[in-house]
Each structure stands twice: as C-alpha cells, then as structure tokens.
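K.L.:
sharing a sequence plus its predicted fold:
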Amino acid sequence: MTRLALTSLKLAAFRSHASLRVETDGRPVAIYGPNGAGKTNILEAISMLSPGRGLRRAAAADMARSATGIGWRVTAELHSLEQSHEVVTGVEGDAARSVTIDGKAAAQVALGRIARILWLVPVMDRLWLEGAGERRRFLDRMALSFTPSHAEASITYERAMRDRNRLLKDQSRDAGWYDALEDQMARAGAAITATRMEALSRVARAQEDAATAFPRATLSITGPDGEDAPDGSEDQLRRAFAEGRRRDMAAGRTLTGPHRADLSAIYTDKDMPARHCSTGEQKALLISLILANARALADSFGAPPILLLDEVAAHLDTDRRAALYDEICALGAQAWMTGTGAELFDALGPRAMRLHVTEEGGESRTQAEA
Ligand SMILES: Nc1ncnc2c1ncn2[C@@H]1O[C@H](COP(=O)(O)OP(=O)(O)OP(=O)(O)O)[C@@H](O)[C@H]1O
C-alpha cells in the first residue's frame, strides 16, 4: 500500500457524475475515455479534498450536477501512513462548502493536515507567460504542502488587508486603526514569506542530484515587476505598510506585501527564463517541479502526496512518458492521471489500475478495470 492514498472515492451529483464509486488498492489510477466524458471532473472532485477552490478554481455551486442542481458531495477514505480517515465535503443548497473528517465538522484548512494533494492541469502550460496571480497560487500550494498553517496565515493576512483597503478607500486617517491592521498583516505576511522561502529551498534540495529525466528549475521569489523581493520580515513589512499609506490611499488598495510577490523560474541547465522556453520545455519544467515537491514531501513526512495529473501523458514523447511513470512508481505516489486513450498508459503495465469513463446523455459512466 502506498503511504498516502485514496482507497475509496464516492461522488454524488458532482458535475457530470450523478454517482460514482471507485475502490483502489493504493496504486496509481489511469483514467481514460473520450473528450468530455468526465475525467477531469474526477480529478477536480479529489482536489476538493484540499483547502480552497480546487483545480478549476470554480465556485462551489458550479460543481453541482446541473440536472439535479441542489448540491454535491465527495466522500473519500484516505489512507495516510498508518491511519485512515473518512473525509466528506460538499455543498447543500446555498450553504458554503462543508467538511467533515471522521464524522466531525472541520474547517477547510484542516484538510491540509491530512491530505497533501498536488496537481498539474493544462491551463498551467501558460503559467510562466501570464499574470503573477497563477504563479503565486502555484507557490502557495507548494508552501501549503509543507506547512499546512500557511492556509491560516493567508486567511489572516487577506482579512486584515481587506479591512485596511476599506480604510484606504474611505480616506480614513485613523492612525490607530492602520497600526493595528498593519501589525496583523506584518505578522501573517512574514509567516507567509518564510513558508514560501522554506518551500523553495526544500524543492531546490530535492532537485540536487535527483535521478530524474526532467530538467532542473531554479526558483526565486521576486517583487511584482521582477525586482528582487524585500526580505519580508515583520519589521520590514510593518515599515513598508506605514510608509506606503499615502500612496496606497491614492490607489485605494495596498500596493506592497506578499500578496504582490511573483515567482520566477529559470531552466537551470540552459540558464534561460522559463517564459522563453519552448512549450514542451515549460511542461517538462512543471512536471519536474511537481516531482521535486513530491520527493521533498516524501523525505520530510514519510509519504509522497497524491498527484493529480490532467492530460500530462499525451504531451510527452514515449521515453519521457515512461520516465514519468517510473518516477511516480519509485516515489510510491498515488497519481490520478487522465488521457483520452488507454494506450497512453501502456508503459505503466500492472503498476496502475484503470478507470474507463464514458458519457451517455450528459451523464458520466465509470468502469474500473484491474
Ligand atoms: N455542473 C455540471 N453539471 C453537469 N455536467 C457538467 C457540469 N459541469 C461540467 N459538466 C460536463 O462535464 C463534461 C466535462 O467533463 P471533463 O472536463 O471531466 O471532461 P474530460 O473527460 O476531462 O474531457 P477532455 O478530454 O476533453 O478534457 C462536459 O461534458 C460538461 O458539460
């Protein structure tokens, strides 16, 4: 048995899946079937077992099956090292997404402590080319995977910043209010930056001397315009917020802090910024980073994360694809992978189970194969 795995997954009224039930023995799962059959929907459902909006960043209500429209539910048996947890998450009517762990109501952030889940989806092919927001989210998922309290620090920071932005918009000059909110932002912000830096150094270490077919990437955190990021300590942030009040009031929002950070990547062996690399090279860099993150987690916690790899196989040549499968299996990670044809997964042989997904009249049907 892999050390972190979903051994059972049930979906109810989740997008195209009226109901789905899959039992696994912890091996990776290769999901295949035609376009629109509902393969990515299964990965999205699994991504809801981590805090946040999942791999499509969709509103929770949009995940409800449109034919039913009253809500959805994902129920999973999660085997983690020597423990098993039953996790249920879903939405009913207009209520916010709820989570229960072993029958007890829990906050979403608690999911980060029992299920480490990383994903790679086709929209991330443009990660190095588009806005900083997606890159920051990528960085934060990495940070969250090592330090679950990153989620709480982010919530505290965002909340205090929203309040500060309101003061700025109202043109308030109440220094006491600013001091109090900026103090919260400086403390949470310093924690956010420290966790991000820690994640980068763990991923960098996991790339050193790694036996991998994928290229190394050198990551660093920069300011919004690619400049070197300030040290991000509590004192530095407190000073930057206080000094920036006048400028921020003119802008109506906070213009400095970890919410403006960007992630830069260099293709190490070519000394080439990732955004200048070919499409295939960029994809290889992303796979490399996910695998390095997974190796670092396995080293630190004794278990690699669950990996959700949407349409990754189709974009790799035969050798790279075989290398990816070998690396996943060597890690002992339960990867859930999608592709249109079963043959994309031939090189996995009996190392993975297969799920065949088809669509009939707007409803997905799933058949597990040994
Ligand atoms: N809320 C919803 N209710 C019902 N069906 C939905 C809902 N949201 C999406 N769908 C359907 O789910 C299908 C898309 O599923 P999904 O993205 O999982 O496909 P896929 O098998 O990954 O396809 P591809 O190979 O094209 O990526 C579409 O047919 C879409 O109409």
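P.N.:
It's in.
K.L.:
sketch out the low-pLDDT regions of this structure for me.
P.N.:
For the chain, the stretches flagged by pLDDT under 70 are 1-2.
K.L.:
near the ligand, which residues of it are found?
P.N.:
Among all residues of the chain, those adjacent to the ligand (criterion: C-beta under 6 Å from any ligand atom) are 15-16, 33, 35-41, 62, 64-66, 338, 340. C-beta: built from backbone N, CA, C; applies to glycine.
K.L.:
is it true that D163 touches L181?
P.N.:
Yes. Taking C-beta atoms under 8 Å as the definition, D163 is a contact partner of L181 at 5.4 Å.
K.L.:
so where do the strands sit in the stretch 101-250 of the chain?
P.N.:
According to DSSP state E, counting those that start in this stretch, the stretch 101-250 of the chain carries its strands in the segments 104-106, 117-120, 217-222.
K.L.:
the one residue in the stretch 51-200 of the chain that gets nearest to the ligand in helix, strand or coil?
P.N.:
In the stretch 51-200 of the chain, the residue that lies nearest the ligand is S66 (3.7 Å; C-beta to the nearest ligand atom). Three states are possible here, and by DSSP: H, G, I helix; E, B strand; the rest coil the one that applies to S66 is coil.
K.L.:
how about P304?
P.N.:
Using three-state DSSP, the three-state assignment for P304 comes out as coil.
K.L.:
phi, psi of the residue lying closest to R205 once chain neighbours are set aside?
P.N.:
Closest residue to R205 in three dimensions, ignoring its sequence neighbours and counting by C-beta to C-beta, 6 or more residues apart in numbering: A296, at 6.8 Å. Dihedral angles of A296 (phi, psi; degrees, to the nearest 10) stand at phi -60, psi -40.
K.L.:
repeat that for L291.
P.N.:
According to degrees, to the nearest 10, the main-chain angles of L291 amount to phi -70, psi -40.
K.L.:
domain map for this protein?
P.N.:
Listed by the TED database, the domain ranges of the chain are 1-116+303-369, 128-301.
K.L.:
would JSON lines of those with distance to P122 and mean neighbour count be doable?
P.N.:
Converted to JSON lines, those look like this (distance: least, C-beta to C-beta, whole Å; neighbours: other C-beta atoms under 10 Å):
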{"stretch": "domain 1-116+303-369", "distance to P122": "5", "mean neighbour count": "18"}
{"stretch": "domain 128-301", "distance to P122": "9", "mean neighbour count": "18"}
